[in-house]
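1. A structural model of the following input is requested.
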Amino acid sequence: MNIKKLIERGESESLEFKEKFDKESIETSVAFSNSKGGIILVGVSDRGEIKGASVGKETLKEWINKISQSTEPTLIVDAEVYEIENKNVVAIIVKESPIKPISYKGICYLRIKNSNRKLTPKEVAELYLQTIGSSWDSYLARDAKTEDIDFKKVKEYIKFANETGRRRIKEKPLGVLKKLELIKDNKPTWAAILLFGKEPQRFILQAKVHCGKFKFSKVEILDDRMIEGNLIEQVDEVMDFIKKYISVRFVITGKPRREEIWEYPLEAIREGIINAIIHRDYTESSEIQVEVYEDRIEIWNPGKLPLGITIDDLYKEDHRSIPRNKLVAQIFYDIGFIEKYGSGTIRMLELCKKAGIFVEFKEVSNGFSAIFRKDIYTEEYLRNLGLNERQINAVMFVKKEGKITNRKYQDLFKVSRQTASRELSHLAQKGIFKQVGVTGKGTYYTLVQTPHKRLTNASKGS
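-> Numbering: from 1, shown residues only. Sure, this is the predicted structure:
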């Protein structure tokens with residue numbers, strides 16, 4: 001293990017520096033075990049300075065015992081001593097626990113970026129379900145009976161699943177539901193009711209999608225619709241609502257039929273709707289909200305990201321998939337609504353990039369939002385990046401005029417040349433402006449048409 005290289009990287013979701021071993025070291029061990037594992041370097045300051053740790057013959061054994069004796073279930077870690085710059089640094093190596101959650105003094109922690117966060121009782125339950133390979137939708141639906149299942153819808157599922165080839169089904173509808181554990185002990189699970197129930201909202205009122213059409217804010221409501229029915233039906237009904245309020249143009253390609261070019265890539269929007277329906281927290285009392293504005297579409301679903309997934313992960317191709325509702329996700333996969341687990345957000349990003357649409361993911365109001373923008377450079381968005389009013393107005397000016405010079409910036413906002421230079425450079429560093437020319441009168445700034453990834457990540461709220 002190259003300790004010096006680890007220190008150079010700085011603290012992260014898998015690395016912690018501690019000047020001495022204390023109760024916070026145990027909390028971090030628990031957080032690592034409940035996450036993806038990690039290393040604690042004892043004898044290193046928060047700034048990465050090697051202070052050294054006092055290590056005797058029994059020190060490592062004592063630390064390991066303290067961790068194991070004060071955690072439940074018992075957490076076993078490894079520890080090794082490294083000599084760096086004539087000082088001892090102890091590496092406490094924590095593996096991801098196969099049994100979760102691990103607690104310290106009755107409190108469970110999770111590693112988020114470079115800090116530890118206490119889990120709520122609800123999150124503790126969710127982490128436990130993940131560990132045993134289960135999810136909320138696999139539990140029996142309260143007061144529901146097999147008579148509440150629409151078996152015509154089950155037959156449609158069988159037909160689609162066989163057509164996709166993802167599941168070969170020969171059993172009859174009731175047998176299929178039992179085989180997939182959608183019915184247990186002759187009683188339907190929540191997944192069965194949500195997917196194939198005759199009246200799903202009779203058992204779970206909030207399993208709806210609330211759609212609205214607005215101008216630029218919620219002040220002026222142009223249309224309002226509540227979509228009910230089973231989850232599979234909801235997808236197409238929501239898409240029909242959205243298509244009603246976005247424009248489409250037709251292109252002659254030489255083929256028998258004209259090509260439709262929608263204002264937003266429909267496949268990406270559909271992916272966003274499906275993700276919201278599959279991954280929402282159905283124990284929350286709110287409905288999914290789909291809002292169509294003149295300049296954007298917002299999809300909000302109750303419940304934050306599943307534990308173990310961060311906003312940053314959604315921008316990575318190799319992020320793991322942790323379905324909050326595993327049975328629902330499986331049925332959607334069988335009928336071809338999901339292409340590949342964990343690939344949805346990447347596909348959305350790629351489709352929108354080709355269409356010139358900007359996508360933003362963020363956790364807000366105890367839920368998760370996917371926002372599709374025709375123009376990313378809105379005042380609200382720029383303000384969330386920490387820009388001052390002059391900089392925001394400069395962006396609005398360039399959107400209209402195409403470019404801005406240092407002199408023009410001075411004249412518009414009555415500031416010195418130094419202030420104009422500093423604030424324009426800051427806009428360039430943010431990836432919003434591109435500088436054309438190096439120095440002199442010919443230098444000017446234009447908008448970056450495809451913002452840097454750090455710009456799109458900057459307002460994600462995580």
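2. residues of stretch 2-9 that come out buried?
-> 3, 6-7 (16 or more other CB atoms under 10 Å). Heads up, the C-betas are built off the backbone N, CA and C, glycines and all.
3. which regions of the protein lie under the pLDDT threshold?
-> Scanning the chain for pLDDT under 70 picks out 342, 439-440, 449-462.
4. Could you list which of the buried residues of stretch 2-9 belong to strands?
-> Per DSSP state E, strands hold no members of the buried residues of stretch 2-9.
5. Specify which member of those is nearest to residue 15.
-> Using CB to CB, residue 6 is the member of these that sits closest to residue 15, with 6.1 Å.
6. show me what contacts the closest one?
-> By CB atoms under 8 Å, 6 or more residues apart in numbering, residue 6 lies in contact with 15, 39, 41.
7. Which stretches in the stretch 251-400 of the chain count as helices?
-> Using DSSP state H, counting those that start in this stretch, the helices of the stretch 251-400 of the chain run over 266-279, 326-334, 344-355, 379-384, 389-401.
8. quick revisit: residue 348: which of the buried residues of stretch 2-9 is nearest?
-> The nearest member of those to residue 348, counting by CB to CB, is residue 6 at 34.7 Å.
9. do you know how far the residue nearest to residue 316 when sequence neighbours are not counted is from residue 313?
-> Spatially, and ignoring its direct neighbours in sequence, residue 316 is nearest to residue 346 (7.9 Å; CB to CB, 6 or more residues apart in numbering). Using CB to CB, to the nearest Å, residue 346 is found at 11 Å from residue 313.
10. circling back: of the contacts of residue 6, which belong to strands?
-> Judged by DSSP E, the subset of the contacts of residue 6 located in strands is 15, 39, 41.
11. residues near the closest residue to the first one other than its chain neighbours, how many?
-> It stands for residue 15. Of all residues not flanking residue 15 in the chain, residue 39 sits nearest, at 5.6 Å (CB to CB, 6+ apart). Using other CB atoms under 10 Å, residue 39 is surrounded by 21 other residues.
12. Touching, residue 39 and residue 89? I think so.
-> No: between residue 39 and residue 89 there is no contact under CB atoms under 8 Å: 10.8 Å.
13. who touches the residue lying closest to residue 100 once chain neighbours are set aside in this structure?
-> Nearest non-adjacent residue to residue 100, counting by CB to CB, 6+ apart: residue 131, 4.4 Å away. Residues near residue 131 by CB under 8 Å, 6+ apart: 98-101.
14. re earlier: the helices of the stretch 251-400 of the chain into TSV, with extra columns for mean neighbour count?
-> TSV is the format used below for those (neighbours: other CB atoms under 10 Å):
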stretch	mean neighbour count
helix 266-279	22
helix 326-334	22
helix 344-355	18
helix 379-384	16
helix 389-401	16
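15. okay if I get these as CSV plus distance to residue 163?
-> Shown next, in CSV, are the helices of the stretch 251-400 of the chain (distance: least, CB to CB, whole Å):
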stretch, distance to residue 163
helix 266-279, 18
helix 326-334, 10
helix 344-355, 21
helix 379-384, 42
helix 389-401, 47
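16. Residue 149 is nearest to which of those helices?
-> helix 326-334 (13.2 Å).
17. what does that closest one contact?
-> 133-135, 137-138, 157, 160-161, 164, 166-167, 180-182, 189, 191, 194-195, 231-232, 274, 277-279, 323, 338, 341.
18. Out of the residues you listed, list just those in helices.
-> Residues of the contacts of helix 326-334 located in helices (DSSP state H): 157, 160-161, 164, 191, 194-195, 231-232, 274, 277-279.
19. and which of the residues you listed is nearest to residue 65?
-> Nearest to residue 65 among the ones in helices among the contacts of helix 326-334: residue 279, at 40.8 Å, using CB to CB.
20. Show me which of the buried residues of stretch 2-9 is closest to residue 84.
-> residue 3 (5.7 Å).
21. Quick check: the gap between the residue nearest to the closest one when sequence neighbours are not counted and residue 139.
-> Excluding the flanking residues, the one nearest residue 3 by CB to CB, 6+ apart is residue 82, at 4.9 Å. Going from residue 82 to residue 139 by CB to CB gives 48 Å.
22. And those two? Which one has more around it.
-> The neighbour count for residue 82 versus residue 139, taken as other CB under 10 Å, is higher for residue 82 (16 against 13).
23. For the more buried one, which three-state class applies?
-> Under DSSP: H, G, I helix; E, B strand; the rest coil, residue 82 falls in the strand class.
24. So in terms of bridging, what pairs with it?
-> Under the criterion DSSP bridges, residue 82 forms beta bridges with residue 89.
25. which residues touch it?
-> 1, 3, 88-91.
26. Burial check on the nearest residue to residue 361 once chain neighbours are set aside, number of neighbours?
-> Once flanking residues are discounted, residue 361 sits nearest to residue 314: 5.1 Å by CB to CB, 6+ apart. When neighbours are counted by other CB under 10 Å, residue 314 registers 24.
27. Quickly note the distance from residue 314 to residue 369.
-> 12 Å.
28. Residue 305 now?
-> 11 Å.
29. which residues do the two both contact?
-> Each of residue 363 lies in contact with both residue 305 and residue 369 under the rule CB under 8 Å, 6+ apart.
30. that older thread, right, and out of the contacts of residue 82, which lies closest to residue 394?
-> Using CB to CB, the contacts of residue 82 come closest to residue 394 at residue 3, 46.2 Å.
31. ok, so what distance separates the closest one from residue 81?
-> Distance from residue 3 to residue 81, by CB to CB: 10 Å.
32. overlap in contacts of these two?
-> Contact criterion CB under 8 Å, 6+ apart; residues bridging residue 3 and residue 81 by contacting each: 89, 91.
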